[in-house]
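> How does the following fold in three dimensions:
(chains A and B)
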There are 2 protein chains.
Amino acid sequence: MAKNVGILAADIYFPPTCIQQEALEAHDGASKGKYTIGLGQDCMAFCSEVEDVISMSLTVVTSLLEKYGIDPKQIGRLEVGSETVIDKSKSIKTFLMTIFEKHGNTDIEGVDSTNACYGGTAALFNCVNWVESSSWDGRYGLVVCTDSAVYAEGPARPTGGAAAIALLIGPDAPIAFESKIRGSHMAHVYDFYKPDLASEYPVVDGKLSQTCYLKALDSCYKELCKKYEKLEGKQFSLADAEYFVFHSPYNKLVQKSFARLVFNDSVRNASSIDEAATEKLAPFASLPGDESYQSRDLEKVSQQVAKPLYDAKVQPTTLVPKQVGNMYTASLYAAFVSLLHNKHSSLDGKRVILFSYGSGSTATMFSLRLNAGQHPFSLGNIAAVLNVGEKLKSRHEFPPEKFVEVMKIMEHRYGGKDFVTNQDISLLLPGTYYLTEVDSKYRRFYAKKEGGSTAAVTSNENGVVANGH
Amino acid sequence: MAKNVGILAADIYFPPTCIQQEALEAHDGASKGKYTIGLGQDCMAFCSEVEDVISMSLTVVTSLLEKYGIDPKQIGRLEVGSETVIDKSKSIKTFLMTIFEKHGNTDIEGVDSTNACYGGTAALFNCVNWVESSSWDGRYGLVVCTDSAVYAEGPARPTGGAAAIALLIGPDAPIAFESKIRGSHMAHVYDFYKPDLASEYPVVDGKLSQTCYLKALDSCYKELCKKYEKLEGKQFSLADAEYFVFHSPYNKLVQKSFARLVFNDSVRNASSIDEAATEKLAPFASLPGDESYQSRDLEKVSQQVAKPLYDAKVQPTTLVPKQVGNMYTASLYAAFVSLLHNKHSSLDGKRVILFSYGSGSTATMFSLRLNAGQHPFSLGNIAAVLNVGEKLKSRHEFPPEKFVEVMKIMEHRYGGKDFVTNQDISLLLPGTYYLTEVDSKYRRFYAKKEGGSTAAVTSNENGVVANGH
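From the prediction side, this is the model:
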């Protein structure tokens, strides 16, 4: 069996169009700090009318292959995680095949995985399992997480975001899975769902969703600890991993989640928690589960107690989610990307624990073991390719009025046909794919902004491919 | 690594409500034989207003666990393939978790896989890979294919159908994967897709879809032959497998497909084709690929030549697809189920080749090796549990007018909320789940018809679960 299977390389793309949460706060007439402190968010990316989940994934896959020098023929599996449905039958993966078909490679397994924000994690697990299975043919796997999170006007709107992430999968990876250290929690709940098929917006029960997230977190952590103890013969605690990475709908929930793990460790008498902290949390230990999720006092005290550990083990993972917003399937991996960006030179030998949550609900906590790796698959090179600092800096901030205008256009066009976009690509970087047209049969046409390091695909050429001939 | 991983057990469910194609032909004013000979279909199942893809999968999973005596705690992975979207975010898998949650098992990986009719195959591959991977925890996997295929009034309507199939996955299986003998063809095409999100009906280019299917078939067969020859050091031919099973939108396409493989073998001078046949097909060998897909003469001659081989190697796989119709993700496995039903006592040691196609498009041809197995996981017991003959016989035929009426109700209700169903369960067998209500928040409630071998779930009890609390 292939050894140390995991993530060899990564790239991230988010739209250059964004809005400051502070400006949105003022525009919405919300109290000052409601979005920036209450949600813990700084900025939010969104797709303009020329971008969508398909264009973003075309952009990020092309970029990854180019920047790591991967021949498209070397890809043997490609799968996508997304909850942004543009077509209920045709997968996003099939759109990405245009990249590979022109190199004569159509023998690529994998489709789309779907359950809210968890689809990317499902795709990642599937791809890792493929490399470890007897059906592996020695080529690379490629996982794409792509989503555009938009909400109806109202309190949930600031929790949007948009991004696509591509992960190259194979053996001897600098970011290897410890697959035996893993716990899942799956249940039937209606916390966030998309039953109104004609609308892009979800139906959300915010309070229930937060409780479901924290319950799933508890359950996954318990399961992971159980498996670790069985495997290693000793208790797991927060001290056994260097960093903790969370699915991040908004940063405040990440703060609450890590505090919840600290509370868990204190109840378990785990070694990560000192006496002073244990004493502060002791009064809450006897709270019944359901009450403990609602207790403001526990929330406050546990966050206080957790603060130093949060700053060390979580804060380095929060940059991109705070700056780009909720990226649904890409959110967890954007948090992980933040860690690579901030700490790539000191991650050799370190364990990182990730928590993936998708409403509905599906959740897994799992473990990665990192090593410095070898060029081009080294943590240093991955951080260089990700180029997070530059990408964040080069964005264009929209005023709220303009953002609302774009949301209205997108709302109107969702599920529509027979239109051409304004094709305003002035803000897109060279190499970015964009939507040009949706024809009378709902067929979508994309083009690539010229000037990147590869030849541009003209809208005409691409049109032919998109036409299915 | 776990050995001989594959299908340990299977069960199938299709609605008791169906319509004879001959009656539909007459009602539609189509020429006699258009549906029965032109499409090659006998009968078509459809969901009445109390059934849907969720209720069908609840029914088939519960039935499989019961009939093979599987403790719900023994399931470690559960995944669903479907293209019938009821919710764009919440997976069908999460609805199935109600079965496992009440047994305290929430640690079950897997979500939904989506790309047209291929989603079930993707789920199956993922589940087999999981058992072979380092993340396998020794428990069973469970794959569910569930779809309701409905079309707008017009020529495509007789190509509908509905069913759910559950497959239990594990090592030492009577139906084991030969994972190295496999070829895929994935491409970006608009042959059949569902871009009109508010409608249950697809957009279909029937002619293009058939060509795409046959092109993918050629490409997969070529790839499979290449891999076989590399592995075995000799040419593969149709003689090297006992049976060929096809994704079956309608039987006529299966006839054409097998004839196409015979044509391929004749062009390749493969051992399966005798001299007389080679001579008849020789004039077509030089046709350029695209023309060969359109040639009526080739179609006719190749089907003639293929007839004896078709009767031996394909006909035993056609019963359920001809009687139930297109079941999308379940279609290929319903064809395989037909083979188990017809030939279970003579399959020991035999190789069976399956071809899975999903529009958009994604396709794989793959190989299974069968052995008699041991109770309860024996081919004989699987055939007994499937009980295909009885299930087909006990159905209720609707007159066309009544069928059209049901289609109208379903059309109106698709994506809707705030309604109760008529709860007419007179035609359902005991143990069948059914939809009782969709509330004002789009939450769906199911109940189980009493009288089966397990205690009934009252709508109240189930309602509480479905409410997410």
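> residues touching residue A:184, list them.
A:220, A:223, A:362, A:363, A:364, A:365, B:106, B:107, B:108, B:109 (CB atoms under 8 Å, 6 or more residues apart in numbering or on different chains). (Each C-beta comes from the backbone N, C-alpha and C, glycine too.)
> out of these, which are buried?
Among the contacts of residue A:184, those that count as buried by neighbour count (16 or more other CB atoms under 10 Å in any protein chain shown) are A:220, A:223, A:362, A:363, A:364, A:365, B:106, B:107, B:108, B:109.
> Assign a three-state SS to the closest residue to residue A:56 other than its chain neighbours, would you?
Once flanking residues are discounted, residue A:56 sits nearest to residue A:164: 3.8 Å by CB to CB, 6 or more residues apart in numbering or on different chains. Secondary structure, DSSP: H, G, I helix; E, B strand; the rest coil: residue A:164 is strand.
> right, and residue A:164 touches residue A:12 too?
Yes - shown here, residue A:164 and residue A:12 form a contact pair, counting by CB atoms under 8 Å, at 7.5 Å.
> Next, format the contacts of residue A:184 as CSV and append distance to residue A:340.
Converted to CSV, those look like this (distance: CB to CB, whole Å):
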residue, distance to residue A:340
A:220, 23
A:223, 27
A:362, 25
A:363, 23
A:364, 20
A:365, 19
B:106, 31
B:107, 29
B:108, 31
B:109, 25
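> Helices along the stretch 301-450 of chain A, start to end?
Using DSSP state H, counting those that start in this stretch, the helices found in the stretch 301-450 of chain A span residues A:319-324, A:331-343, A:379-386, A:388-393, A:400-413.
> right, and these - which one's nearest chain B?
Closest of the helices of the stretch 301-450 of chain A to chain B is helix A:400-413, at 12.0 Å (criterion: CB to the nearest CB).
> Report whether that closest one contacts chain B.
No - Helix A:400-413 lies out of reach of chain B by CB under 8 Å from any CB of the partner chain, never closer than 12.0 Å.
> And that helix, what does it pack against?
Here helix A:400-413 touches strand A:17-20, helix A:21-28, going by 3 or more CB pairs under 8 Å, 6 or more residues apart in numbering or on different chains; DSSP states H and E.
> Please identify which helix or strand holds the residue in the stretch 201-350 of chain A that chain B sits nearest to.
Relative to chain B, the nearest point of the stretch 201-350 of chain A is residue A:223 (5.4 Å; CB to the nearest CB). Using DSSP states H and E, residue A:223 sits in helix A:206-232.
> Tell me which other helices or strands that helix touches.
Applying 3+ CB pairs under 8 Å, 6+ apart, one finds that helix A:206-232 contacts strand A:175-186, helix A:251-267, helix A:289-294, strand A:351-358, strand A:362-370.
> what's the angle from the fourth one to helix A:206-232?
This means strand A:351-358. Interaxial angle of strand A:351-358 relative to helix A:206-232 (axes from the mean of the first three to the mean of the last three CA atoms, to 10 degrees): 140 degrees.
> so what strands line up beside strand A:351-358?
Strand A:351-358 has the following sheet partners, assigned by DSSP bridges: strand A:243-246 (parallel), strand A:362-370 (antiparallel).
> Mind putting those strands into JSON lines with mean pLDDT?
Formatted as JSON lines, the strands paired with strand A:351-358 follow (pLDDT from 0 to 100):
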{"stretch": "strand A:243-246", "mean pLDDT": "98"}
{"stretch": "strand A:362-370", "mean pLDDT": "98"}
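> Please convert those to JSON lines, extending it with distance to residue B:450.
Below are those laid out as JSON lines (distance: least, CB to CB, whole Å):
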{"stretch": "strand A:243-246", "distance to residue B:450": "44"}
{"stretch": "strand A:362-370", "distance to residue B:450": "31"}
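> So which of those is nearest residue A:86?
Closest to residue A:86 of the strands paired with strand A:351-358 is strand A:362-370 (CB to CB; 21.8 Å).
> Could you find the closest non-adjacent residue to the one residue sitting closest to the centre of chain A?
Nearest residue to the geometric centre of chain A (CA atoms, centre = their mean): residue A:330, 1.8 Å. Distances taken as CB to CB, 6+ apart put residue A:145 closest to residue A:330, at 4.0 Å, once the chain neighbours are dropped.
> Can you report how many residues neighbour that neighbour?
31 (other CB atoms under 10 Å in any protein chain shown).
> tell me the secondary structure for it?
strand.
> Same question for the one 10 residues further on.
Secondary structure of residue A:155, reduced to three states by three-state DSSP: coil.
> Likewise for the one 3 residues further on?
With three-state DSSP as the basis, residue A:158 sits in helix.
> residues in contact with the nearest residue to it once chain neighbours are set aside?
Nearest residue to residue A:158, sequence neighbours excluded (CB to CB, 6+ apart): residue A:35, at 4.5 Å. Residue A:35 makes contact with A:21, A:22, A:24, A:25, A:41, A:158, according to CB under 8 Å, 6+ apart.
> I figured residue A:116 hits residue A:328, correct?
Yes - taking CB under 8 Å as the definition, residue A:116 is a contact partner of residue A:328 at 7.1 Å.
> residues shared between the contacts of these two?
residue A:83.
> buried ones in the helix holding residue A:223?
A:208-225, A:227-228.
> OK, contacts around the residue nearest to residue A:354 when sequence neighbours are not counted?
In space, and not counting its chain neighbours, residue A:354 is closest to residue A:245: 4.6 Å by CB to CB, 6+ apart. The contact partners of residue A:245, by CB under 8 Å, 6+ apart, come to A:314, A:317, A:332, A:335, A:336, A:339, A:352, A:353, A:354, A:355.
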